[in-house]
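> return atomic coordinates for the entry below.
(chains A and B)
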Number of protein chains: 2
Amino acid sequence: MDRAVILLSGGMDSSTLLFYVKRTLGVSGLHALSFVYGQKHARELAMARWQAEAAGVERHVEWVLSFPEGMADGSALTAPGLAVPDLAAIPESERRQPITYVPNRNMMFLSLAAAYAEAHGMVDVFYGAQTQDQYGYWDCTTDFVGKINDTLALNRKRPVRVHAPFAAMDKAEIVKRGQALGVDYGRTWSCYRGGEQPCGTCPSCVERDRALDGKQIVKQRKEEHESAFA
Amino acid sequence: MDRAVILLSGGMDSSTLLFYVKRTLGVSGLHALSFVYGQKHARELAMARWQAEAAGVERHVEWVLSFPEGMADGSALTAPGLAVPDLAAIPESERRQPITYVPNRNMMFLSLAAAYAEAHGMVDVFYGAQTQDQYGYWDCTTDFVGKINDTLALNRKRPVRVHAPFAAMDKAEIVKRGQALGVDYGRTWSCYRGGEQPCGTCPSCVERDRALDGKQIVKQRKEEHESAFA
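Numbering: from 1, shown residues only, chains lettered A, B, ... in the order given. As a prediction, the model looks like this:
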């Protein structure tokens, strides 16, 4: 595989996948797509840029996906009026489709990525989905990826295929791989709240901390951050 | 069903579906989505507006979907440098995925429409796909709609469902239905070339003519057009 597309949010999973695809799989012509969709944690985009540059992608695209009025109102990731809750404040029963879920987001992203790939004569799209038992989204599962591929397989000329090599791994396993690949997790962003410093209590911060087995990286030094956003 | 989303291009099929859903199914709270994606035949959007108003939808959204540089280059529907061919000039062997195909377009549209529906608390999306034997796209087939629904069915909270009631009909049958519903086909746009008048020879014009069994409507009077675009 010489050329491929990758979804790159700037978080831990997709940044690890980026280095895995570039270094382990040796894909030279890699196009990374980062979506700008009104997420509160748009700080992840600066990290995506940094990682794309560090990995040496052929092209990094920041794709602005505009939502019609009212569409962002139901998710704490996009609605100004909805606070991101601490993980501890979300009842167990709601953790499999919580308030931080953005309706059908990953199907949108993968459809756009598949279109981009096909239009550029590529057939492979990499997606850093990973399944968390405790807190996870239906559009990050292996089932979901399978159904997306069943759909794309109907294409009569150039069926694109989505690969999610981390879909059955947990975050700690992914981080272990990434550390072996030299991924700089200080230059990834997880916090859903998107403040100057990671909050440490939102679902994404808690998962990050657990994966790193310690707080040394999620609580990044302020100067590190400042240089990342300079 | 009280509320639903419909994809409305401003062509014959989706305009007919609009009246079918509004009048025959009696859906009162209908949201119509028209995508602006750099199509040469953006004249269809004026028709979509006209039809949405005539049908009395609750909301009509023109959703601008921007494509990164280079993405529009491979389709005659979006690339300035690629001419839309006459249907007669397209070899039979290429008619099932011709140069007018926009990579993965309908999966993008349906993913966005499903997201819009879910975000607005709706579960039904209507799609005016119809299958042509001679000239058709993989992303207009009943198989395609089935696979999209298989994907959406994985949603843990509010699975959206795509309905394509015309998917097994041909265009002439659709027009017969539309005429009974009072659809004004003089206010629909088909021509892929998007000039001031329909060309009459591109694949979309030829299909339109065949469906109408005559040329009386595709060659609309100039004054009708002028008022539609006023």
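> from now on I want contacts and neighbour counts done on CA atoms only, so please keep to that.
Will do.
> ok, the top strand by length along chain A: who's next to it in the sheet?
Secondary structure assigned by DSSP state E gives strand A:29-36 as the longest strand of chain A. When pairing is defined by DSSP bridges, strand A:29-36 lines up against strand A:3-7 (parallel), strand A:59-64 (parallel).
> which of those sits most buried?
Scoring the strands paired with strand A:29-36 by mean neighbour count under mean count of other C-alpha atoms under 10 Å in any protein chain shown gives strand A:3-7 as the most buried, with a mean of 24.
> so what touches that one?
A:14, A:18, A:27-34, A:109, A:113, A:117, A:122-128 (C-alpha atoms under 8 Å, 6 or more residues apart in numbering or on different chains).
> helix/strand/coil for the residue in chain A sticking out farthest from the centre?
Here the centre of chain A is the reference, and by C-alpha atoms, centre = their mean the most remote residue is A:Arg156, at 29.5 Å. Following DSSP: H, G, I helix; E, B strand; the rest coil, the label given to A:Arg156 is coil.
> now do the contacts for it.
The neighbours of A:Arg156, taking C-alpha under 8 Å, 6+ apart as the test, are B:Arg96, B:Gln97, B:Trp138.
> pretty sure the first one sits against B:Gly136.
Yes. Using C-alpha atoms under 8 Å, B:Arg96 makes contact with B:Gly136 at a distance of 5.3 Å.
> how close does A:Ile148 get to B:Thr151?
Applying C-alpha to C-alpha, to the nearest Å, the value for A:Ile148 to B:Thr151 is 6 Å.
> so A:Leu110 sits in a strand?
No. A:Leu110: not assigned to a strand; according to three-state DSSP it is helix.
> apart from its neighbours in sequence, what residue is nearest A:Tyr37?
Take A:Tyr37 and drop its neighbours on the chain: the residue closest to it by C-alpha to C-alpha, 6 or more residues apart in numbering or on different chains is A:Leu65, 5.1 Å away.
> so what's the residue count around A:Pro91?
9 (other C-alpha atoms under 10 Å in any protein chain shown).
> any idea how far it lies from A:Ile99?
For A:Pro91, the distance to A:Ile99 (C-alpha to C-alpha) stands at 11 Å.
> also A:Met71?
Distance of A:Met71 to A:Ile99, computed by C-alpha to C-alpha: 14 Å.
> buried residues in the helix or strand that the longest strand of chain A is followed by?
The first helix or strand that comes after strand A:29-36 along the chain, using DSSP states H and E, is helix A:43-55. For helix A:43-55, the neighbour count (16 or more other C-alpha atoms under 10 Å in any protein chain shown) marks A:Arg43, A:Glu44, A:Leu45, A:Ala46, A:Met47, A:Ala48, A:Arg49, A:Trp50, A:Gln51, A:Ala52, A:Ala55 as buried.
> just the closest of those to A:Arg187, please.
Lowest distance from A:Arg187 to the buried residues of helix A:43-55 (C-alpha to C-alpha) belongs to A:Met47, with 5.6 Å.
> got a list of what that closest one touches?
Residues in contact with A:Met47 (C-alpha under 8 Å, 6+ apart) are A:Gly10, A:Gly11, A:Arg187, A:Thr188, A:Trp189, A:Ala228.
> dump the residues you listed to JSON lines, plus pLDDT.
Formatted as JSON lines, these follow (pLDDT from 0 to 100):
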{"residue": "A:Gly10", "pLDDT": "98"}
{"residue": "A:Gly11", "pLDDT": "97"}
{"residue": "A:Arg187", "pLDDT": "97"}
{"residue": "A:Thr188", "pLDDT": "97"}
{"residue": "A:Trp189", "pLDDT": "96"}
{"residue": "A:Ala228", "pLDDT": "56"}
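> quick one on the thing from earlier: which of the contacts of A:Arg156 scores worst on pLDDT?
For the contacts of A:Arg156, the minimum pLDDT belongs to B:Arg96; the value there is 83.
> gap between it and B:Trp138?
In this view, B:Arg96 and B:Trp138 are 8 Å apart by C-alpha to C-alpha.
> neighbour count: the two, which is higher?
More crowded of B:Arg96 and B:Trp138, by other C-alpha under 10 Å: B:Trp138, with 22 against 18.
> against A:Ile6, how distant is the closest residue to the more buried one other than its chain neighbours?
Distances taken as C-alpha to C-alpha, 6+ apart place A:Asn155 nearest to B:Trp138, at 5.8 Å, with adjacent residues excluded. Distance from A:Asn155 to A:Ile6, counting by C-alpha to C-alpha: 20 Å.
> tell me the contacts of the most centrally placed residue in chain A?
With distances taken as C-alpha atoms, centre = their mean, A:Ser9 lies nearest the centre of chain A, 4.0 Å away. A:Ser9 makes contact with A:Ser15, A:Leu33, A:Ser34, A:Phe35, A:Glu44, A:Leu45, A:Ala48 under the criterion C-alpha under 8 Å, 6+ apart.
> 10 Å - rerun?
A:15, A:32-36, A:42-49, A:51, A:62, A:128, A:188-190 (C-alpha atoms under 10 Å, 6 or more residues apart in numbering or on different chains).
> kindly report the same for A:Leu110.
A:Ile6, A:Leu7, A:Tyr116, A:Val125, A:Phe126, A:Tyr127, A:Val145, A:Ile148, A:Val162, B:Met107, B:Met108, B:Ser111.
> so A:Val125 sits in a strand?
Yes. The assignment for A:Val125 (three-state DSSP) places it in a strand.
> identify the residue spatially nearest to A:Leu154, adjacent ones excluded.
Excluding its sequence neighbours, the residue lying closest to A:Leu154 (C-alpha to C-alpha, 6+ apart) is B:Trp138, at 6.5 Å.
> picking up where we left off before, give me the buried subset of the contacts of strand A:3-7.
Buried subset of the contacts of strand A:3-7 (neighbour count, 16+ other C-alpha under 10 Å): A:14, A:18, A:27-34, A:109, A:113, A:117, A:122-128.
> dump the contacts of A:Leu110 to CSV, plus distance to A:Ala180 and pLDDT.
Putting those into CSV (distance: C-alpha to C-alpha, whole Å; pLDDT from 0 to 100) gives the following:
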residue, distance to A:Ala180, pLDDT
A:Ile6, 20, 98
A:Leu7, 21, 98
A:Tyr116, 31, 98
A:Val125, 23, 98
A:Phe126, 20, 98
A:Tyr127, 20, 98
A:Val145, 26, 96
A:Ile148, 31, 98
A:Val162, 24, 98
B:Met107, 37, 98
B:Met108, 36, 98
B:Ser111, 36, 98
